[in-house]
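Chemist: coords below, sequence missing:
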DNA sequence: GTCTATATGACGATAGAC
DNA sequence: GTCTATCGTCATATAGAC
């Protein structure tokens, strides 16, 4: 009875950490190879177990893919929910831009997998997009509309404003290879990150008719 | 000798139209399924011939993919080259935005295939990005820098400006599914297209410190 | 839970007749 | 140039021992 591992409960729930490791590895592979380009073998190797063993935790490649995608979607929706109607418009927008760029820096693979899925038509996410995401965007578009009505910002199209912020901030994750090929740098570089935040804030705030304190 | 088809020259070079049809079909399939998700069978069917017959024109799937990608890259690089140093900055930028958005409307699949390739790391395009594209961007960044030096526009970071324009304009092609899920519309809709052009121009020109005549 | 087979099917590519 | 038939490969998924 000495040092034997008790099957019922080791140092921590082993299954959970196993699953988490698989999900991490899967995100990495799926985001660079796509669903069809990725092989279960490769993901398993990256996660440090065998293919058959992986398929013990996730019954199929598609099931694993969906699990990864669901996780990514949660991460993705999060920052927008924080856009606050009560805050000063400039502050709220600035915070949102920073949060999105930080996400592009810290979770580029999640951004890329999301991008791949959307570009390919998102057969799996369609429902999520038309339901929760659409509702959330409508709510936030109304917030922006309220700012306009009260004369706090210039009369912009709220939807296009949101799309523009998404497009710019995600560009630095999704097209990181291209940005690097052209500038030799990326968001990992603190100086480049700061400049990107500043440029994006300046552009968007100018678009809202809110002058910057200057650069 | 009446209506028989002369093998040497029919109504038009048949091989060329065949190849073009294959390339069109391949763009369609590759841009929605990705390289690995697409099957030669599917492309052949879409192009109206058999799999073996397709492989008579293109020796392998990869060869076909590269041919499609090369075509896409040409389309993609084109509009930026037109950015004119001598023109009025506002006019030049407006023209560029319109050209890019028109491309997103008229060749969304090309944009999507390019996006897929870049997001996945562009092993094939790396050289093109670091060579011709980088040079082109440097040249155009210098044009923008010249405008700034002469006090024609606000002092923005030329690279980030270019990236922002790319990001916004391509977003409407690459994330068309998402845009549609949220707004129920897309660039095909003339009214939506016009609004998108107006919003994007207003945003970018404001960022350059160039006031609009209003909307 | 993890392993060693192995079943199964899809797909890229080739051979060879016409 | 186009067809039919087929080969070979790879990868998902399962069976069953430990």
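Modeler: That came in fine, so what should we check first? Worth saying up front: this structure is predicted, and the values here are computed from it rather than measured. Numbering: from 1, shown residues only, chains lettered A, B, ... in the order given.
Chemist: Give me the buried positions along the helix ranked longest in chain A.
Modeler: Among the elements of type helix in chain A, defined by DSSP state H, the one spanning the most residues is helix A:14-37. For helix A:14-37, the neighbour count (16 or more other CB atoms under 10 Å in any protein chain shown) marks A:18-19, A:21-37 as buried. Where you see a C-beta, it was placed from the backbone N, CA and C, and this is true even at glycine.
Chemist: How far does the lowest-mean-pLDDT helix or strand in chain A sit from its chain's centre?
Modeler: Scoring the helices and strands of chain A by mean pLDDT, DSSP states H and E places helix A:126-128 at the bottom, with a mean of 91. Put simply, helix A:126-128 sits 17 Å off its chain's centre (CA atoms, centre = their mean, to the nearest Å).
Chemist: ok, residue A:206 - how many residues close by?
Modeler: A total of 21 residues lie near residue A:206 under the criterion other CB atoms under 10 Å in any protein chain shown.
Chemist: re earlier: also near DNA strand C: which of the buried residues of helix A:14-37, exactly?
Modeler: Of the entries in the buried residues of helix A:14-37, the ones placed beside DNA strand C under the rule of CB under 7 Å from any atom of the strand are residue A:18.
Chemist: interface residues of chain A facing DNA strand D?
Modeler: Applying the criterion CB under 7 Å from any atom of the strand, the portion of chain A that neighbours DNA strand D consists of A:38-41, A:51-52, A:55, A:59-62.
Chemist: Pick out whichever of those sits closest to DNA strand C.
Modeler: Within the residues of chain A next to DNA strand D, distances to DNA strand C taken as CB to the nearest atom of the strand reach their minimum at residue A:52, with 3.8 Å.
Chemist: can you pull the buried residues of the host helix or strand of that closest one?
Modeler: Take DSSP states H and E as the rule and residue A:52 turns out to sit in helix A:51-57. Under the neighbour-count criterion of 16+ other CB under 10 Å, helix A:51-57 has A:54, A:57 buried.
Chemist: hmm, who's touching that helix?
Modeler: When contacts are defined by CB atoms under 8 Å, 6 or more residues apart in numbering or on different chains, helix A:51-57 is touched by residues A:15, A:18-19, A:22, A:40-41, A:43-44, A:47, A:64.
Chemist: same thing but 6 Å
Modeler: A:19, A:22, A:40-41, A:44 (CB atoms under 6 Å, 6 or more residues apart in numbering or on different chains).
Chemist: Could you identify the most distant pair in those?
Modeler: Greatest spacing in these, by CB to CB: A:19 and A:41 (18.1 Å).
Chemist: can you tell me the distance between the two ends of stretch A:81-89?
Modeler: Between the opening and closing residues of stretch A:81-89 there is a gap of 15 Å (CA to CA, to the nearest Å).
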